[in-house]
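J.: Can you look at this prediction? I've put the sequence above it.
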Amino acid sequence: MSLTLALLLAGQAATVSTPPVAPPTPAGAQADPQANGRLGNQQQGGGGDVVVTARRRAETIQTVPIAMSVIGGTALAETGAYNVSRLTQLQPTLQFYSTNPRNSAANIRGLGAPFGLTNDGIEQGVGIYVDQVYYSRIASATFDFTDTERIEVLRGPQGTLYGKNTTAGAINITTRKPSFTPEARIELTTGNYQFIQAKASVSGPLIPDKLAIRLSASVTERDGTIHNVVTGKDLNAQDNKSVRGQLYWKPTDNLDLALSGDYGQQNPNCCVQYYARTGATQRPLNRQYAALAAAQGYVVPSTNAFDRVTDVDTPLRAKQELGGVSLLGNLDLGASTITSVSAWRFWNWDPSNDRDFIGLPITTVSANPSQQTQYSQELRIASNGKHTLDYVLGAFYFYQTIDTQGLQVQGPAASAFLLNPTSAGGKNPATLNGLTSRNTIGFTNTSAALFGKLTWNVSDRFQIAPGLRLNYDKKKGDYVSVVTNGTGTALTADQRGVLAPQSYQPDFDNWNLSGDITAAYTVTSDIHAYATYARSYKSGGINLSGLPLDGSNNPILSAATVKPEKVNHFELGLKTQFLDRRVTLNLAGFWTEISDYQATVTNGQLGVLRGYLANAGKVRTRGLEFDSAFRPTDRFSFYANGAYTDAKYVKFVDAPCPPELSGGTTATAGQTPSAPGTAGGISPQNCDISGQRLPGVSKWAFSYGAEYDLPATLGGLDGQVYLGYDGSYRSTFSSNPSRSAYTDINGYALSNFRLGFKAKDSWNVFGWLRNAFDEKYYEVLALQSGSTGLVVGQPGDPRTYGLTVSRSF
């Protein structure tokens, strides 16, 4: 029996005669009167209140002293934001980067995860929660939102209210709950690139007023937008399927239980990065990309990535399965509520990648299938928010295991491409052909915490809210890499220089005490101000992607573990409404400093020959944000959100060098490195990039839009015709941990339109046009390994269009 069920049934027996004073919103009801509305607080212009549960009690968003945004279910459908990646077009402070589902990162205000890395041994700084269950694997963010009521995006450290500690923010996804009133909904979408999406849900009582059920399903399919000229297949397709079921039981007035289960599967022909451009490195000219390709008579199908053609020669696959079961219970004690969340989840990853990014057989197999399971238990007690002293107290336990079986095989073109082409080994295709690395990686992680937040309502206008968190983390790993050359003989120096065997068993454990304090003041009923200081913490980790090698190609064991990040966060906020609440304007300013920032580094003192995950001095991010909405009439509304983010490395003295300063002879003591891009030059052992901007975050980012509607009658149905627009802009950002002119992604603006008719609680039919002006932009730019100067990219979606029809019953 889960702790949720045992605890709540015991609690029910002890308190069944206690009358509820202020019952919480039942799981079967909709807390947010506009949860099916458009853009959360942007809809408040009409005077409505958006109800959120960010502080573990129902409150209006304007009174919550946290920088946050809310997006309702209808907004998700009409804007096409059906996963976290698309959500970034509506949230300027949210960044999401993905070269495949496993190699993904969600950042808020430029913080969250080391850019461009996949390492199971570290934490994500942005927590993803679905119905209060923490999702450990960032790959879950690539799945479609299924039957979603609303999404809350919280900015800044979240540790004294949430089970898992997060230093950058949280994405809180709330699904629609079972209803005691029969209801159903179906949504069908079709578009170009053979896009088809179908969503359906049904809900109703099994036992009137006692037991209700909800079932939902989603299917998304789309052809790829990148054409492989060799195989004739279209790559970067979509193939997503998911189902969810919920049972809601309310045996008494003060007890409710919600049992949920979900399963999702993706199996797209994905994910390809391919030729974008080249740049000069410090390798000898005959070892840079142009010469290497010419020597093998190779020409890419196009040097313009926006022709959307490639010739990668390894089959692509990004298959994954994800699912789980959770039990959520609430026991109302009158003055407070006990909540228990018990969950088990799994994630299976089965990929196939082309890691040389071109049509030559350099790396013919690259795959790291993984199997993850997690167990979590959260127990909280929260007051109902009507006392001089309100509180949230909680305990959290989390355990996960991940098993990975890596395989990499070099092909006949590897010798000439990866070795000196004029050497004996480089001239002989057999030197590296068939060289194989088989990796067996195991990981276990235990985390436990006690957390709490006290809110002292000093007066009707002023409150002070301190919080504390005691956290324990333990991580253990086992990394074994076996390398064979297919001949049964010992590896040569050339072979060990490309793939070297490794074996090590890292472990890490740590206790930490962190906390925050917020002061909030209600100036008027429509003006709320707050100030927050947080001392937060991101757990240390272990390197599970292989260690750097010394000059003898042996792993450097001192690099096996990574120290925790320590965060100091300051924030001021102002939430306002005026003109009879037709205008909403929320402002936030923040300053965040992180010491022992987890990043990719090199260290010349260790004789390191490649980058690895370690601690990199200090990082600072600061900025200003605004969320605004205006409804001048009942028929017209518009919104604008923006963020200025100044995120930089304060101290990062041993960073990996950008490509223009890589690939040459490594400088020794007293040698002066050559100028950037000098062929055959002298390269620094590492680079001091202190003062440079953090990767992945734009200095300026905006989202904006408007909607106008007119009353209309169609097919005997009274409703409204509406025209909507949503736009977004992001300024230039770096796509490499150390900024390079070759990997800067230029700023871009996207525009989306929709035109439709909707009748209340009935039909909604609209045509849509996304990336209307066919903006050509990159989501990611990356470097081919080996300092060849090849830059590969992943273009964003081209112009798409289609029709969506939904019906509620």
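T.: That came through, no problem. Owing to the predicted nature of the structure, the values given are computational and were not obtained by experimental measurement.
J.: And the strands in the stretch 1-150 of the chain, which stretches?
T.: 51-52, 59-60, 68-72, 94-98, 104-108, 126-130, 133-135, 148-155 (DSSP state E, counting those that start in this stretch).
J.: Any idea which of those has the lowest pLDDT on average?
T.: Mean pLDDT is lowest for strand 51-52 among these, at a mean of 77.
J.: for it, packing partners?
T.: strand 59-60 (3 or more C-beta pairs under 8 Å, 6 or more residues apart in numbering; DSSP states H and E). Yep, even glycine has a C-beta here, placed from its N, CA and C like the rest.
J.: What distance do you get for the one residue sitting closest to the centre of the chain to residue 598?
T.: Nearest residue to the geometric centre of the chain (C-alpha atoms, centre = their mean): residue 106, 2.8 Å. To residue 598, residue 106 is 15 Å away according to C-beta to C-beta, to the nearest Å.
J.: returning to what we had before: would you format the strands of the stretch 1-150 of the chain as JSON lines with distance to residue 462 included?
T.: Formatted as JSON lines, these follow (distance: least, C-beta to C-beta, whole Å):
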{"stretch": "strand 51-52", "distance to residue 462": "21"}
{"stretch": "strand 59-60", "distance to residue 462": "17"}
{"stretch": "strand 68-72", "distance to residue 462": "21"}
{"stretch": "strand 94-98", "distance to residue 462": "32"}
{"stretch": "strand 104-108", "distance to residue 462": "28"}
{"stretch": "strand 126-130", "distance to residue 462": "30"}
{"stretch": "strand 133-135", "distance to residue 462": "33"}
{"stretch": "strand 148-155", "distance to residue 462": "23"}
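J.: For residue 729, find the nearest of these.
T.: strand 94-98 (13.7 Å; C-beta to C-beta).
J.: So which bits of the closest one are buried?
T.: For strand 94-98, a neighbour-count test (16 or more other C-beta atoms under 10 Å) marks 94-98 as buried.
J.: Repeat that for stretch 779-788.
T.: Neighbour-count burial for stretch 779-788 [16+ other C-beta under 10 Å]: 779-784, 786-788.
J.: Strands - which of those residues land there?
T.: Among the buried residues of stretch 779-788, the members falling in strands (DSSP state E) are 779-783.
J.: which residues in the stretch 151-300 of the chain form strands?
T.: 169-175, 183-191, 195-207, 211-222, 226-228, 234-235, 238-252, 255-266, 274-278.
J.: helices or strands next to the shortest one in the packing?
T.: To tie it back to what came earlier, the one meant is strand 234-235. strand 226-228.
J.: So what are the sheet partners of the strand it packs on and their directions?
T.: strand 234-235 (antiparallel), strand 309-310 (parallel) (DSSP bridges).
J.: which residues of the stretch 101-250 of the chain score low on pLDDT?
T.: 115-117 (pLDDT under 70).
J.: scratch that, the chain is what I was asking about
T.: Scanning the chain for pLDDT under 70 picks out 1-48, 54, 115-117, 602-611.
J.: For residue 699, give me its contacts.
T.: Neighbouring residues of residue 699 by C-beta atoms under 8 Å, 6 or more residues apart in numbering: 644-646, 693, 731-733.
J.: can we see that at 10 Å?
T.: Contacts for residue 699 (C-beta atoms under 10 Å, 6 or more residues apart in numbering) come out as 110, 623, 643-647, 693, 730-733, 747.
J.: Pull out the buried residues from those residues.
T.: For the contacts of residue 699, buried by 16+ other C-beta under 10 Å: 110, 623, 643-645, 647, 693, 730-731, 733.
J.: now, among those residues, which is nearest to residue 150?
T.: residue 643 (21.1 Å).
J.: Ignoring the adjacent residues along the chain, who's closest to residue 456?
T.: residue 464 (4.9 Å; C-beta to C-beta, 6 or more residues apart in numbering).
J.: Where does that neighbour sit: helix, strand or coil?
T.: strand (DSSP: H, G, I helix; E, B strand; the rest coil).
J.: Now, the contacts of residue 699 that are in helices?
T.: Secondary structure from DSSP state H places none of the contacts of residue 699 in helices.
J.: okay if I get those residues as JSON lines plus distance to residue 393?
T.: Output for the contacts of residue 699, formatted as JSON lines (distance: C-beta to C-beta, whole Å):
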{"residue": "110", "distance to residue 393": "32"}
{"residue": "623", "distance to residue 393": "33"}
{"residue": "643", "distance to residue 393": "33"}
{"residue": "644", "distance to residue 393": "37"}
{"residue": "645", "distance to residue 393": "34"}
{"residue": "646", "distance to residue 393": "37"}
{"residue": "647", "distance to residue 393": "34"}
{"residue": "693", "distance to residue 393": "40"}
{"residue": "730", "distance to residue 393": "40"}
{"residue": "731", "distance to residue 393": "43"}
{"residue": "732", "distance to residue 393": "45"}
{"residue": "733", "distance to residue 393": "40"}
{"residue": "747", "distance to residue 393": "46"}
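J.: Let me know the closest of these to residue 265.
T.: Using C-beta to C-beta, the contacts of residue 699 come closest to residue 265 at residue 730, 31.4 Å.
J.: Let me know whether the closest one touches residue 91 as I believe.
T.: No: Residue 730 is beyond contact range of residue 91, at 11.3 Å (criterion: C-beta atoms under 10 Å).
J.: Show me whatever sits in contact with both of these two.
T.: 643, 701, 703.
J.: what about stretch 290-304, start to end distance?
T.: Across stretch 290-304, the terminal residues are separated by 15 Å (C-alpha to C-alpha, to the nearest Å).
J.: mind listing what's buried in it?
T.: 291-293, 300-301.
J.: do stretch 634-644 as well
T.: Quick answer for stretch 634-644 (16+ other C-beta under 10 Å): 637-644.
J.: a markdown table for the residues you listed, including distance to residue 329?
T.: Formatted as a markdown table, those follow (distance: C-beta to C-beta, whole Å):
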| residue | distance to residue 329 |
| --- | --- |
| 637 | 39 |
| 638 | 42 |
| 639 | 37 |
| 640 | 41 |
| 641 | 36 |
| 642 | 41 |
| 643 | 38 |
| 644 | 43 |
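J.: quick one: the nearest residue to the residue nearest to the centre of the chain once chain neighbours are set aside and residue 584, what's the gap?
T.: Once flanking residues are discounted, residue 106 sits nearest to residue 126: 4.4 Å by C-beta to C-beta, 6+ apart. Per C-beta to C-beta, residue 126 is found 25 Å from residue 584.
J.: Please apply the same query to residue 463.
T.: Separation of residue 463 from residue 584 (C-beta to C-beta) stands at 22 Å.
J.: and what of residue 221?
T.: 38 Å.
J.: higher neighbour count, the two?
T.: Between residue 221 and residue 584, counting by other C-beta atoms under 10 Å, residue 584 is the more crowded of the two (26 against 16).
J.: helix or strand for the more buried one, which one?
T.: Secondary structure from DSSP states H and E places residue 584 in strand 583-595.
J.: Three-state assignment for residue 460, please.
T.: Classified using three-state DSSP, residue 460 is coil.
J.: need the contact list for it.
T.: Per C-beta under 10 Å, 6+ apart, neighbours of residue 460: residue 522.
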